[in-house]
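> need a 3D model of the sequence below.
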Amino acid sequence: MKNLTIVNCGLALMIAGSAVAEDVKMFTDRTPSAVEMGDIIFSHPANTQVSGMKMRSISFSSSKSTAKKLPELTVDNSQPSTAVGLPIKFAFNSATVMNESKPFLNEIGKMLALPGYSKERLIIEGHTDATGPESYNQSLSEKRAQAVKAYLEGHFNVASNRLMVTGFGESQSLPKISPFAAVNRRVQFRRAP
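You can find the predicted model right below:
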């Protein structure tokens, strides 16, 4: 597990008006297996650290944030979810998934087909770095999350009602990392309540 970079960060999810602290397991230099991601997203308690450095912070959205609410979802603040962050790459200024990112998405698709997770629902979160206007980044993050959903539906027959999408634009930079850093251009996956 030495290639696993773990960042335990507080992300402001403005769902039902509540801020939720969330663990994020970032995979930047290898593709995790379907089973490994399923164990992280669906099995491990949110406050369990697998290994590596642990950093804590909580951020709250400012009124400037345009993160979309997911009205059909509710969040249990006593059980923050664990997310897997993947460096899904897209063509420049577009929502077209690049071929080099498809192995990550293929493992997500395989995970959702595993017997233990075949009924689970997943939230797909699009994130950008801070390059460009905030409103553009918000729109781009939403389109990219939708593109990931479409890929999973089209290639793995995942039912549409099992995949929720949201975009956070540049509002959720990883802690202690420049908002302009490439690692902030990511897609996160977490269990839907």
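> what count of nearby residues applies to Glu36?
The local packing count at Glu36 equals 18, with neighbours defined by other C-beta atoms under 10 Å. Just so you know, the C-beta spots here come from the backbone N, C-alpha and C atoms, and that holds for glycine as well.
> do Gly85 as well
By other C-beta under 10 Å, 24 other residues sit near Gly85.
> do the same with Phe180
Burial measure for Phe180: 11 neighbouring residues, criterion other C-beta under 10 Å.
> got the contact list for it?
For Phe180, the contacting residues are 129-131, taking C-beta atoms under 8 Å, 6 or more residues apart in numbering as the criterion.
> mind checking which of those are buried?
Burial by neighbour count, judged by 16 or more other C-beta atoms under 10 Å, picks out 129-130 from the contacts of Phe180.
> which residues of this structure fall in helices?
In the chain, the helices defined using DSSP state H lie at 34-38, 102-113, 134-156.
> adding distance to Lys89, write the contacts of Phe180 out as TSV.
Written out in TSV, the entries for those read as follows (distance: C-beta to C-beta, whole Å):
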residue	distance to Lys89
Asp129	13
Ala130	18
Thr131	15
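> sorry, back to before: now the helices of the chain in CSV, with mean pLDDT and distance to Met26?
Shown next, in CSV, are these (pLDDT from 0 to 100; distance: least, C-beta to C-beta, whole Å):
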stretch, mean pLDDT, distance to Met26
helix 34-38, 92, 12
helix 102-113, 96, 12
helix 134-156, 96, 16
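> out of these, flag the one nearest Val84.
Val84 lies closest, by C-beta to C-beta, to one member of the helices of the chain: helix 34-38, at 5.1 Å.
> and the contacts of the closest one?
With contacts defined as C-beta under 8 Å, 6+ apart, helix 34-38 is touched by 84, 107-108, 110-111, 114, 116-117, 189.
> and which of those is nearest to Val158?
Ile108 (9.0 Å).
> so what's the closest one up against?
Taking C-beta under 8 Å, 6+ apart, one finds 34, 37, 86, 122, 152, 189 in contact with Ile108.
> separation between it and Phe180?
Ile108 sits 27 Å away from Phe180, taking C-beta to C-beta, to the nearest Å as the criterion.
> do Lys89 as well
Taking C-beta to C-beta as the criterion, Lys89 is separated from Phe180 by 17 Å.
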